[in-house]
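**Q** Just need the structure, nothing else, for what follows:
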Amino acid sequence: MLVLTSTPVTPKALLHFNSVCRNLKSIVVQIGVEDYFEDPNSPEARKLFDEMVNKLQVIITAL
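**A** Below you'll find the model as predicted:
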């Protein structure tokens, strides 16, 4: 099991972990907008964060 807490991670990184860690059974990602952006309250940060979460969810569901 790989648990990433408050760690900015990309979909590409999750795919990499999955490909090189043969015994990996699950990945848990616990993140917040403040983990990615200096100004987490800006509309642009919120939009980009939401897009990132959607991409991560697609990857995690597919694994």
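
**Q** When you work out contacts or count neighbours from here on, use the C-alpha atoms and nothing else.
**A** OK.

**Q** helices or strands up against the helix ranked longest in the chain?
**A** For the chain, the helix with the greatest residue count under DSSP state H is helix 43-62. With contacts defined as 3 or more C-alpha pairs under 8 Å, 6 or more residues apart in numbering; DSSP states H and E, helix 43-62 has these neighbours: helix 11-20.

**Q** Could you measure from P11 over to G32?
**A** Separation of P11 from G32 (C-alpha to C-alpha, to the nearest Å): 15 Å.

**Q** Now do the longest helix of the chain against helix 11-20, angle only.
**A** Taking axes from the mean of the first three to the mean of the last three C-alpha atoms, to 10 degrees, one finds helix 43-62 and helix 11-20 inclined to each other by 20 degrees.

**Q** Buried residues in helix 43-62, which are they?
**A** A45, R46, F49, M52, V53, L56, I60 (16 or more other C-alpha atoms under 10 Å).

**Q** pLDDT of that helix, averaged?
**A** Averaged over helix 43-62, pLDDT sits at 93.

**Q** what does that helix contact?
**A** Residues outside helix 43-62 that contact it (C-alpha atoms under 8 Å, 6 or more residues apart in numbering) are T10, P11, L14, L15, I27, V33, Y36, F37, D39, P40.
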